[in-house]
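Visitor: Turn this into a model:
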Amino acid sequence: MMKKLIIAALAAGAAAFAVPAVAQSVSGTIDLTGTVAAKCTAAGGLNSSIDLGELAVADGTVNAAFSANNGGLTRTFTVTCTSSNPQLSVNASPLVNAAVVTPTTGYTNTVNYTATMTAAKAAGGLASVADTSNVAGATTVLVGDHLANAASNVAVTVSTGNTAAGALLEAGTYNGSIAITVAPSA
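Guide: Here you go, the predicted model:
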């Protein structure tokens, strides 16, 4: 019993001298960082096709304007780039009738043309690069600005069909391609 009285007396004494708890707070800052990689993307990709239709006019020579085309000579794309000076590259490969390995004298199995890629700039105006299919390799240019943040801001157009002077086109199917690239600046 004595122990209980001593413990009770000590507890009562401690309660008499107890100090109320003071509320404390602590604060700080969380720093955030992130990065954006230089990249270019295209909604729906950069693949399409152009049907040039009948390549020859009535006398058998090339239809230089490709006026018998189906669906137009231009295709547009929506491209976004995170870098400020993207690079445009276009590489036109000739239209070739592969079924005719060696054309008859005065005839040809190859139609050359010009492929032009244009890109709308963010500050207005256009950047443009053209490549002719009779010269191997791509032609490249820097945009000199951000790409415009708009739909259909990049276009590729086919024009100026040509062959050796006066050559007649061999009958058959002609196939070619245009390789296009929009790349972030280095």
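
Visitor: all helices for the protein, in order.
Guide: Remark: helices assigned in the chain by DSSP state H are 2-16.

Visitor: could you pull out the strands for it?
Guide: 40-43, 74-81, 87-96, 107-108, 110-120, 126-132, 139-142, 154-162, 168-169, 175-183 (DSSP state E).

Visitor: Take those strands and lay them out in a markdown table including mean pLDDT and distance to Ser25.
Guide: Every residue, glycine included, has its C-beta placed from N, CA and C. Formatted as a markdown table, the strands of the chain follow (pLDDT from 0 to 100; distance: least, CB to CB, whole Å):
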| stretch | mean pLDDT | distance to Ser25 |
| --- | --- | --- |
| strand 40-43 | 95 | 46 |
| strand 74-81 | 98 | 45 |
| strand 87-96 | 98 | 54 |
| strand 107-108 | 97 | 86 |
| strand 110-120 | 98 | 54 |
| strand 126-132 | 98 | 57 |
| strand 139-142 | 97 | 55 |
| strand 154-162 | 98 | 55 |
| strand 168-169 | 98 | 85 |
| strand 175-183 | 98 | 52 |
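
Visitor: can those strands go into CSV with extra columns for distance to Gly60 and mean neighbour count?
Guide: Compiled in CSV, the strands of the chain are given as follows (distance: least, CB to CB, whole Å; neighbours: other CB atoms under 10 Å):
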stretch, distance to Gly60, mean neighbour count
strand 40-43, 39, 14
strand 74-81, 27, 18
strand 87-96, 15, 20
strand 107-108, 8, 18
strand 110-120, 12, 22
strand 126-132, 23, 17
strand 139-142, 31, 14
strand 154-162, 13, 19
strand 168-169, 4, 20
strand 175-183, 19, 17
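
Visitor: With distance to Ser27 added, can I get these in JSON lines?
Guide: Formatted as JSON lines, these follow (distance: least, CB to CB, whole Å):
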{"stretch": "strand 40-43", "distance to Ser27": "41"}
{"stretch": "strand 74-81", "distance to Ser27": "40"}
{"stretch": "strand 87-96", "distance to Ser27": "48"}
{"stretch": "strand 107-108", "distance to Ser27": "80"}
{"stretch": "strand 110-120", "distance to Ser27": "48"}
{"stretch": "strand 126-132", "distance to Ser27": "51"}
{"stretch": "strand 139-142", "distance to Ser27": "48"}
{"stretch": "strand 154-162", "distance to Ser27": "50"}
{"stretch": "strand 168-169", "distance to Ser27": "80"}
{"stretch": "strand 175-183", "distance to Ser27": "46"}
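
Visitor: Phe66: which of the ones you listed is closest?
Guide: Relative to Phe66, the nearest member of the strands of the chain by CB to CB is strand 154-162, separated by 5.5 Å.

Visitor: which helices and strands does the closest one pack with?
Guide: Counting contacts by 3 or more CB pairs under 8 Å, 6 or more residues apart in numbering; DSSP states H and E, strand 154-162 packs against strand 74-81, strand 110-120, strand 175-183.
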